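**Student:** What follows is a protein structure lacking sequence information:
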């Protein structure tokens, strides 16, 4: 009886450990800033290539950005760099199999790639 009790406790502890390990460690929440280049545009919808890695997207990822207004400019052109501040949990959905960030405004920026370091 005592061995069965110990085995039950050990089994329960093991199952709790496995369950805890399978839970997500960090939800991708909070505010984040994305730097991207406009690859195509439609009425208040941009297709954007991410230029710099951030918490949620790797450089080179293609995403959609829906916006209501431009900040600091009157128009955007294909090839321009933009900056978008968003909340992953509140502003990101999926549209046409791409991540879609919906924000109030998009800001055109001057972007220069970070300097690369030579590999040794």
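**Tutor:** Looks like it came in fine. From a predicted model like this one, the values you see are computed outputs, not experimental measurements.
**Student:** Name the residues that touch the helix or strand where residue 34 lies?
**Tutor:** Applying DSSP states H and E as the criterion places residue 34 in strand 31-42. Contacts of strand 31-42 with the rest of the structure, by Cβ atoms under 8 Å, 6 or more residues apart in numbering, involve 46-52, 54-57, 62-63, 65, 76-88, 101, 109, 111. (C-beta placed from N, C-alpha, C; glycine too.)
**Student:** change it to 7 Å
**Tutor:** 46-52, 54-57, 76, 78-88, 111 (Cβ atoms under 7 Å, 6 or more residues apart in numbering).
**Student:** Repeat that for stretch 54-71.
**Tutor:** 28, 32-34, 44-53, 76, 84, 88, 95, 98-107.
**Student:** Can you tell me which of those residues are buried?
**Tutor:** Neighbour counting with 16 or more other Cβ atoms under 10 Å marks 32, 34, 46-48, 50-51, 84, 88, 99, 101-103, 106-107 as buried within those.
**Student:** Show me the two of those residues that sit farthest apart.
**Tutor:** Largest separation among the buried ones among the contacts of stretch 54-71 by Cβ to Cβ: 51 and 102, giving 20.0 Å.
**Student:** what ranges do the helices span in this structure?
**Tutor:** 2-22, 88-91 (DSSP state H).
**Student:** Tell me which other helices or strands the shortest one touches.
**Tutor:** Contacting helix 88-91 under the criterion 3 or more Cβ pairs under 7 Å, 6 or more residues apart in numbering; DSSP states H and E are the following elements: strand 98-109.
**Student:** so the strand it packs on versus strand 31-42, what angle?
**Tutor:** Relative orientation of strand 98-109 versus strand 31-42 (axes from the mean of the first three to the mean of the last three Cα atoms, to 10 degrees): 90 degrees.
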